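Enquirer: make a model of this:
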Amino acid sequence: MASVSSGSSGSSGSSIGQPIDPIARTALRYSLSAREYKLLHKYLIARSKSARKRAPEPKRYERAVTGPDDYNAAAIRASLRVFLASFIGLKAWDLFRDKVLTRGKAVQYAFQYAIRYRSTDDLCRTKINQSLWQSPNVRLSSSLSLILLFHRFLYRFLKRLRSSLLTENGEPFRRRNTRISKLLTSRLAPAVGASFAGFFLSIYPSSPLRTTIAIYVFSRALEFTYNHLEDLGYFKNRPWWFGSWLLMPAATGQLLHAFVFDRDCFPESYGSFILKYSGTYVHRRPKDCSPKLAWPRTYEIVDSLAEISRLRWPPFVSPILFPAKKNPLPQSLTAISPITSPAHPRTTNLSCALLHPHDPSCLRTYLTFYLRAFPSIARFFTIIFGALSLLRYRSFIKEPIPALNRLAKSILRMSLFITGAIGTAWGSICFFQQVLPRKFLPTQRWFLGGFLGGLWAFLERKSGRSDFLYSARLSLDSLWKVGVKHGWWKSVRGGDVYLFVGSLMVIQALYEVNTKSVSGAAVRKGLSWVNGEGWIDRAAVRDEEGEEKGKREEIKKLEEREMKQAGVPLDDVGAESTLKELNKGA
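Expert: Down below sits the predicted model:
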């Protein structure tokens, strides 16, 4: 028995003492760090006898994979994980969208297209012959992972090059090449040079998603630039009402104009949300309506409003008062006859007959909209804000009454803002009919109506910055598409990639010059991680005892900015604790 046990232990020890295969060691080095392998060994490998016999011990693994410089291996590990995480996330989203959201409609439309335009064999052959590289998910995941990998490589290379050129040995090179040396020894050289890795975004084919990514990064670059200028004192004497809410009137005006005249350049989800709560002005088919009667669809009503604008807002001729008139409507507007024919005889404008046919009073219809739309909109935001408040459950446990008060205020402000914006946009049509001549700004008044509706953003000026920036991004995207459609400017091939790279340069430069100008602890940590510095926040400082007065003022200013970015009103009780919880979650 003793010989058997000794033999078994010897075999086990010899298996553990065997050298790790070089290929396996390289694969493990670029897959798991020593710390991660230690955790894996502790919670998984150590619990399996067969795996424990074959796998090396954590200390031996650390000696095998740890070299003098682990930076490149860490960069490759991070890049591979970004690829896998993004690819799995995109595949999960596709599965959820096809199985839950569309519920098989995509397959139905695909086969309808196949039957109509090509045979089913061709459709199946197209799916089978599609290579893995042609998959949008693979290309987007590859793009993101390569951006991270080469950003880290370039950042470290340029940082080392700058350090070597600033030494005494680099003085001859600096004398011979003064301009190049100024560029390479600049403080911003590593950050700006590493941003050229953003050109790997072009691996992903041109699509609305790529444009959205570029516009988002561009808007964040503008936001951080504004923060930097604010820190430099350029907006020291600004009026009390000045803020990001001023973006909303211009954005809403442009979006409403595009919604009416250029719907192919308008975000579909935005329009669906507006029409969902516009039942007072956009009338659906009544339940008791005969199926033989051709009732205009929702977007046909919007198209008819655009045609009314082009016809310079013609007056309404009531068929009830003038039954002998054969064509009370223009030829291009006969589709809305089921709505306008029974309109109230006191209605004088064709647009009013289309928007509120049963009530001749524009003001009464406007007030009715609020009574009908506000409860449903408030119910919607109660669900949304209630779900988001679960992330701050600690503040509800610690201070339930102030937390519920803040939640109720947020719901009421946002509900009133959205209701007022939608209602004013529709009500402005009637208002301009009363105060403006028919031929004065016939189509441009839609922009004015959206501008007036966007002024309701004043109610959310303290906590709605993220919503304003989101609408501004949608408006910027829509405006670019409208301009290309009408020939105001030419589309640049790969222009969204150039915009992305330029915006990334600005963000990285600001992060080097003024770290606190980058809003959000999670964003600052993400930039440090992209640079290979780890998940750290450069601007994270603590108000320790004995700090200078100027330092404490900087800390307070940074906290106030973070509260604004997080949508936490500064005058609310418990705002600082709420911000700390948000930063912990980030």
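Enquirer: which ones are touching residue 484?
Expert: Neighbouring residues of residue 484 by C-beta atoms under 8 Å, 6 or more residues apart in numbering: 490-491. C-beta: built from backbone N, CA, C; applies to glycine.
Enquirer: now it: phi and psi?
Expert: phi -70, psi -40 (degrees, to the nearest 10).
Enquirer: same check, this time on residue 439
Expert: phi -90, psi 0.
Enquirer: which outside residues touch stretch 80-97?
Expert: 30-31, 136-138, 140-142, 144-145, 148.
Enquirer: repeat the analysis, applying 7 Å as the threshold.
Expert: Applying C-beta atoms under 7 Å, 6 or more residues apart in numbering, the contact partners of stretch 80-97 are 137-138, 140-142, 144-145, 148.
Enquirer: can you turn the buried part of those into a PyMOL selection?
Expert: Here is the PyMOL command that picks out the buried ones among the contacts of stretch 80-97, judged by 16 or more other C-beta atoms under 10 Å:
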select buried, resi 137+138+140+141+142+144+145+148
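Enquirer: distance to residue 194, pLDDT and secondary structure added to the contacts of stretch 80-97, as JSON lines?
Expert: Converted to JSON lines, the contacts of stretch 80-97 look like this (distance: C-beta to C-beta, whole Å; pLDDT from 0 to 100; DSSP: H, G, I helix; E, B strand; the rest coil):
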{"residue": "137", "distance to residue 194": "26", "pLDDT": "87", "secondary structure": "helix"}
{"residue": "138", "distance to residue 194": "25", "pLDDT": "89", "secondary structure": "helix"}
{"residue": "140", "distance to residue 194": "21", "pLDDT": "91", "secondary structure": "helix"}
{"residue": "141", "distance to residue 194": "21", "pLDDT": "91", "secondary structure": "helix"}
{"residue": "142", "distance to residue 194": "19", "pLDDT": "92", "secondary structure": "helix"}
{"residue": "144", "distance to residue 194": "15", "pLDDT": "93", "secondary structure": "helix"}
{"residue": "145", "distance to residue 194": "15", "pLDDT": "93", "secondary structure": "helix"}
{"residue": "148", "distance to residue 194": "11", "pLDDT": "93", "secondary structure": "helix"}
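Enquirer: which of the contacts of stretch 80-97 lies closest to residue 401?
Expert: Nearest to residue 401 among these, counting by C-beta to C-beta, is residue 144 at 44.3 Å.
Enquirer: ok, now which ones touch that closest one?
Expert: Under the contact definition (C-beta under 7 Å, 6+ apart), the residues listed for residue 144 are 82, 86.
Enquirer: doesn't residue 421 make contact with residue 252?
Expert: Yes. The criterion here is C-beta atoms under 7 Å, and residue 252 meets it with residue 421 at 6.4 Å.
Enquirer: comparing the two, which residue is more hemmed in?
Expert: residue 252 (27 against 23; other C-beta atoms under 10 Å).
Enquirer: what about the closest residue to the more buried one other than its chain neighbours, neighbour count?
Expert: Nearest residue to residue 252 in three dimensions, chain neighbours excluded: residue 454, at 3.4 Å (C-beta to C-beta, 6 or more residues apart in numbering). Neighbours of residue 454 under the rule other C-beta under 10 Å: 29.
Enquirer: hmm, back to that, Throw the contacts of stretch 80-97 into CSV and include distance to residue 482, thanks.
Expert: Putting the contacts of stretch 80-97 into CSV (distance: C-beta to C-beta, whole Å) gives the following:
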residue, distance to residue 482
137, 30
138, 33
140, 27
141, 32
142, 32
144, 30
145, 34
148, 34
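Enquirer: which one of the contacts of stretch 80-97 is nearest residue 426?
Expert: Looking across the contacts of stretch 80-97 and measuring by C-beta to C-beta, the closest to residue 426 is residue 140, at 38.8 Å.
Enquirer: next, the contact list for the closest one, please.
Expert: 86, 90, 204.
Enquirer: which residues does residue 308 contact?
Expert: 314, 350-351.
Enquirer: just the pLDDT for it.
Expert: For residue 308, the pLDDT comes out at 91.
Enquirer: in which helix or strand would I find it?
Expert: helix 298-310 (DSSP states H and E).
Enquirer: now what about the helix or strand following that helix, what contacts it?
Expert: In the C-terminal direction, the helix or strand that comes right after helix 298-310 (DSSP H and E) is helix 337-340. With contact meaning C-beta under 7 Å, 6+ apart, helix 337-340 is reached by 283, 293-296, 329, 350, 353-354, 357.
Enquirer: returning to that earlier point: okay, buried residues for the helix holding residue 308 please.
Expert: 298, 301-306, 308-309.
Enquirer: chain center to it: distance?
Expert: 30 Å (C-alpha atoms, centre = their mean, to the nearest Å).
Enquirer: any weak-confidence spans in the stretch 1-150 of the chain?
Expert: Scanning the stretch 1-150 of the chain for pLDDT under 70 picks out 1-28, 43, 52-53, 64-69, 101-130.
Enquirer: please repeat the previous calculation with a cut-off of 50.
Expert: Where the stretch 1-150 of the chain drops to pLDDT under 50, the residues are 1-16, 104, 106-128.
Enquirer: need the helices for it, in chain order.
Expert: 2-17, 22-29, 34-43, 49-54, 58-65, 71-96, 105-117, 120-129, 136-165 (DSSP state H, counting those that start in this stretch).
Enquirer: show me the domain layout of this protein.
Expert: 21-67, 73-205, 244-460 (automatic domain parsing).
Enquirer: got those domains as JSON lines, with distance to residue 526 columns?
Expert: JSON lines is the format used below for the domains of the chain (distance: least, C-beta to C-beta, whole Å):
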{"stretch": "domain 21-67", "distance to residue 526": "20"}
{"stretch": "domain 73-205", "distance to residue 526": "11"}
{"stretch": "domain 244-460", "distance to residue 526": "19"}
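Enquirer: comparing those, which comes out most buried?
Expert: domain 244-460 (a mean of 17; mean count of other C-beta atoms under 10 Å).
Enquirer: centre of the chain to it, how far?
Expert: Worked out by C-alpha atoms, centre = their mean, domain 244-460 lies 25 Å from the chain centre.
Enquirer: ok, now stretch 187-202?
Expert: Per C-alpha atoms, centre = their mean, the centroid offset for stretch 187-202 relative to its chain is 22 Å.
Enquirer: residues contacting it, please?
Expert: Under C-beta under 7 Å, 6+ apart, the answer for stretch 187-202 is 143, 146-147, 150-151, 154-155, 158-159, 162, 183, 210, 494, 497, 500-501, 504-505, 508-509, 511-512.
Enquirer: show me where pLDDT drops low in this structure?
Expert: 1-16, 104, 106-128, 541-550, 570-575, 579, 582, 584-586.
Enquirer: longest helix in it, by residue count?
Expert: helix 400-435 (DSSP state H).
Enquirer: give me the element the residue positioned nearest the centre of the chain is part of.
Expert: In the chain, the C-alpha closest to the average C-alpha coordinate belongs to residue 216, at a distance of 6.2 Å (C-alpha atoms, centre = their mean). Assigned by DSSP H and E, residue 216 belongs to helix 208-231.
Enquirer: and the angle for whichever helix or strand comes after that helix with helix 400-435?
Expert: Counting by DSSP H and E, the next helix or strand C-terminal to helix 208-231 is helix 247-261. Counting by axes from the mean of the first three to the mean of the last three C-alpha atoms, to 10 degrees, helix 247-261 lies at 50 degrees to helix 400-435.
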